[in-house]
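**Q** quick one, what's the 3D model for this:
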Amino acid sequence: MKILLTGSTGQVGYELERSLQGLGEVIAVDRGRMDLSDLDQVRDVIRATRPQLIVNPAAYTAVDKAETEPELAHRINAEAPAVMAAEARLLGAALVHYSTDYVFSGYDAAARGEHDATGPLNVYGASKLAGEQAIAASGVPHLIFRTSWVFGMRGKNFLLTMLRLAKERDELRIVDDQHGAPTWSRTIADTTALILAQARAGGPDWWQENGGTYHLSSQGRTTWFGFTAAILEEAGIACNLVPITTNDYPLPAARPQYSALCSDRLQERFVRLPDWRDALRLCLH
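**A** As a prediction, the model looks like this:
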């Protein structure tokens, strides 16, 4: 199987390039080879590669900056996946795509299931939801994995930011009223690979029976404050942490107050997912 992997230098793409080895020939492209803001280039790369599977972790992820760049965010997060879906369908290929907890409003304290009503609060979430909808409407065999609070040891993410700031400052003020599940990029990649191995073994009917949208996030939940406290504890870094509210730290883009995803459907069908704290410990050690 020939697999085209986008965003290979991103935190999820980097892990996927490792995890997908053994499933087929992985052709990994970064922004230099396939810039998702250039839709013609996206088409050209897919047509030149002719993959049986496209795995697309690449995205516009600058949540606050998206408020001032809505057209660019929409092109990368919605129009580019639509192009990938159309091209994959022409080739008879399948598509794996990644989305976000930010497609939900998070107004009430309940873990969201795949069929719960969406309602993004910001441009980023709206652009990711539009990408999901375009893929589903295309008719291409697909898996969409919604995940949350992604962290890892490369790229730009909350974990690395907190490790850096805790060494630079004596005190950190961290939001303690937004709830979610931190999810290790390697968990996302390894889970994807396990599911795709089942797809390969399942034959031509597998995608029709098992395709669709799944929530893929760590088990358990915490706040950004709780996540930071766990990071510093695991890393052995001393720093005074002060809990604050969302209103104490205003940002351009609104965030869901309750961002937890219910991953029961994925776990019942495919594989168990780790607790976020266990994954953090493995990541840091």
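
**Q** show me the strands in the stretch 1-150 of the chain, by range?
**A** 2-5, 25-28, 53-56, 94-100, 142-147, 150-151 (DSSP state E, counting those that start in this stretch).

**Q** what helices or strands is the last one leaning on?
**A** If you count contacts as 3 or more Cβ pairs under 8 Å, 6 or more residues apart in numbering; DSSP states H and E, strand 150-151 packs onto helix 11-19, helix 158-168, strand 183-184, helix 185-202. Backbone N, C-alpha and C define where each C-beta goes, glycine included.

**Q** the third one - what's its average pLDDT?
**A** Looking back up the chat, that one is strand 183-184. Mean pLDDT, computed over strand 183-184, is 98.

**Q** rewinding a little: buried deepest among the helices and strands packed on strand 150-151, which one?
**A** strand 183-184 (a mean of 26; mean count of other Cβ atoms under 10 Å).

**Q** partner strands of that strand and their direction?
**A** strand 150-151 (parallel) (DSSP bridges).

**Q** quick one: contacts of the strand it pairs with?
**A** Residues outside strand 150-151 that contact it (Cβ atoms under 8 Å, 6 or more residues apart in numbering) are 11-12, 157-160, 182-185, 188, 280, 283.

**Q** mean confidence score for it?
**A** 97.

**Q** tell me the contacts of the residue nearest to residue 174 when sequence neighbours are not counted?
**A** Distances taken as Cβ to Cβ, 6 or more residues apart in numbering put residue 225 closest to residue 174, at 4.3 Å, once the chain neighbours are dropped. Going by Cβ under 8 Å, 6+ apart, residue 225 touches 174, 175, 176, 241, 243.

**Q** and these, which is closest to residue 91?
**A** Residue 91 lies nearest to residue 175 out of the contacts of residue 225, by Cβ to Cβ, at 44.1 Å.

**Q** residue 68 contacts residue 122, correct?
**A** No: using Cβ atoms under 8 Å as the test, residue 68 is too far from residue 122 to be in contact (11.7 Å).

**Q** between these two, which one's more packed in?
**A** Shown here are residue 68 and residue 122; by other Cβ atoms under 10 Å, residue 122 has more neighbours (21 against 12).

**Q** now the more buried one. Nearest residue, chain neighbours left out?
**A** residue 253 (3.9 Å).

**Q** state the distance from that neighbour to residue 125.
**A** 8 Å (Cβ to Cβ, to the nearest Å).

**Q** neighbour count winner among these two?
**A** The residue with more neighbours, out of residue 253 and residue 125, is residue 125; 28 against 17, by other Cβ under 10 Å.

**Q** for that one, what are its contacts?
**A** 100, 102, 103, 104.

**Q** ditto for residue 46
**A** Residue 46 neighbours (Cβ under 8 Å, 6+ apart): 4, 54, 83, 84, 87, 88, 91.

**Q** go through those and flag which are in helices.
**A** The helices, defined by DSSP state H, take in 83, 84, 87, 88, 91 from the contacts of residue 46.

**Q** and the residues you listed as a markdown table, adding distance to residue 145 and neighbour count?
**A** What follows is the ones in helices among the contacts of residue 46, written out as a markdown table (distance: Cβ to Cβ, whole Å; neighbours: other Cβ atoms under 10 Å):
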| residue | distance to residue 145 | neighbour count |
| --- | --- | --- |
| 83 | 19 | 19 |
| 84 | 15 | 32 |
| 87 | 20 | 24 |
| 88 | 16 | 24 |
| 91 | 21 | 17 |
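
**Q** return the member of those nearest to residue 59.
**A** Using Cβ to Cβ, residue 84 comes nearest to residue 59 of these, at 12.0 Å.

**Q** for that closest one, which non-adjacent residue is closest in space?
**A** In space, residue 84 is closest to residue 54, 5.4 Å off (Cβ to Cβ, 6+ apart).

**Q** do you know how far the one you found is from residue 18?
**A** Counting by Cβ to Cβ, the gap from residue 54 to residue 18 is 18 Å.

**Q** hmm, back to that, can you redo the helices and strands packed on strand 150-151 as CSV with distance to residue 31?
**A** Compiled in CSV, those are given as follows (distance: least, Cβ to Cβ, whole Å):
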stretch, distance to residue 31
helix 11-19, 10
helix 158-168, 20
strand 183-184, 23
helix 185-202, 17
